[in-house]
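In: got a predicted structure here, sequence first:
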Amino acid sequence: MLVYNSKLLNAPVLSVQDSGRIATVSSTIVDPDSLKIIAFRVIGATNTEGGNILDARSIREYSTYGLVIDSSDELIGDHDVVKIEKVLELNFSPIGLKVETKKGSKLGKVTDFTVTNDNFSVQQIIVKRPTIKSFLDPELVIPRAEITEITDYKIIVRDEEKVIKERALKEDFVPNFVNPFRKTEPVHSPADSQNPADIDKQ
């Protein structure tokens, strides 16, 4: 299942040990090399000794209730994990980056992106169109497969706009924020919907 990055912001961080909310997500930390959220910066942490970084690998479950971890001890500092520290030093975020094709056609700027709810890898970028082009086509949804290069200032995609639009429309995706662990409704047989009194008459 895919979820918008913007939906992850302000999501509660829940601790199994503490039986409740211990912090709130304030921002996501994206590794530009793997295009994956590797950590979350949180605020309002009850355990101030640990830090305010949540390593994505510490997350047990993700649902509409929030990010579930074992305990507040999972929160770490900026320098506790080398990989996270290096990404923090890059100060990278896809949001706001310009998007262009390989031929130099300007498509717009990234306003959001979607990630999988299991390993938080980026799957699509949402691009707001330039003012002149936004009247007929306010935004583009560009699949990860079209991205060929990422720099400090822009994202370069493979195909021209028309091809990108066609491929995005074929994506089997409806962004939402639902609980993937919710039980499905039981399937009823036609007899289940009959009135008990009617069954007795048969």
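Out: Alright, I've got the coordinates. Predicted, not measured: the structure shown is a model, and the values here were computed from it.
In: endpoints of stretch 41-54, how far apart?
Out: Criterion Cα to Cα, to the nearest Å; first-to-last residue distance in stretch 41-54 is 6 Å.
In: now do stretch 27-39
Out: 9 Å.
In: does Lys162 belong to a helix, a strand or coil?
Out: Secondary structure assignment for Lys162 (DSSP: H, G, I helix; E, B strand; the rest coil): helix.
In: measure it to Leu107 for me?
Out: Separation of Lys162 from Leu107 (Cβ to Cβ, to the nearest Å): 11 Å. To be clear about C-beta, it is placed using only N, CA and C from the backbone, and glycine gets the same treatment.
In: and the closest residue to Val81 other than its chain neighbours, bridged to which residues?
Out: Distances taken as Cβ to Cβ, 6 or more residues apart in numbering place Asp55 nearest to Val81, at 6.2 Å, with adjacent residues excluded. Applying DSSP bridges to Asp55 gives these bridge partners: Ala39.
In: count the neighbours of the residue nearest to Ser121 when sequence neighbours are not counted for me.
Out: Leaving aside its chain neighbours, Ser121 sits nearest to Lys36 (4.4 Å; criterion: Cβ to Cβ, 6+ apart). Residues lying near Lys36 (other Cβ atoms under 10 Å) number 16.
In: surely Ile95 touches Thr111?
Out: Yes - Ile95 lies in contact with Thr111 (Cβ atoms under 8 Å); the separation is 6.9 Å.
In: so Asp33, which state does it fall into?
Out: coil.
In: list the contacts for the residue nearest to Pro130 when sequence neighbours are not counted?
Out: Nearest non-adjacent residue to Pro130, counting by Cβ to Cβ, 6+ apart: Gly108, 5.6 Å away. Applying Cβ atoms under 8 Å, 6 or more residues apart in numbering to Gly108 gives the contacts Lys98, Val99, Val127, Lys128, Arg129, Pro130, Lys133, Glu139, Leu140.
In: distance of Gly108 from Val30?
Out: For Gly108, the distance to Val30 equals 19 Å [Cβ to Cβ].
In: repeat that for Thr101.
Out: Counting by Cβ to Cβ, the gap from Thr101 to Val30 is 22 Å.
In: give me the mean pLDDT for stretch 140-158.
Out: Stretch 140-158 carries an average pLDDT of 93.
In: CA atoms only for that stretch, dumped as PDB, please.
Out: In PDB, the C-alpha atoms belonging to stretch 140-158 read as follows (Å, rounded to 0.1, in the frame of the first residue of the first chain):
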ATOM      1  CA  LEU A 140       1.800  15.200 -12.600                       C
ATOM      2  CA  VAL A 141       2.200  11.900 -10.900                       C
ATOM      3  CA  ILE A 142       5.500  10.500 -12.000                       C
ATOM      4  CA  PRO A 143       6.500   6.900 -11.200                       C
ATOM      5  CA  ARG A 144       9.800   6.200  -9.600                       C
ATOM      6  CA  ALA A 145      11.000   4.200 -12.600                       C
ATOM      7  CA  GLU A 146      11.000   7.400 -14.700                       C
ATOM      8  CA  ILE A 147      13.600   9.100 -12.400                       C
ATOM      9  CA  THR A 148      17.100   8.900 -13.900                       C
ATOM     10  CA  GLU A 149      19.100  11.400 -11.800                       C
ATOM     11  CA  ILE A 150      18.700  13.400  -8.600                       C
ATOM     12  CA  THR A 151      20.900  16.500  -7.800                       C
ATOM     13  CA  ASP A 152      20.800  19.100  -5.000                       C
ATOM     14  CA  TYR A 153      18.500  21.200  -7.100                       C
ATOM     15  CA  LYS A 154      16.400  19.000  -9.400                       C
ATOM     16  CA  ILE A 155      15.100  15.600 -10.400                       C
ATOM     17  CA  ILE A 156      15.600  14.500 -13.900                       C
ATOM     18  CA  VAL A 157      13.100  12.100 -15.500                       C
ATOM     19  CA  ARG A 158      13.400   9.900 -18.600                       C
END
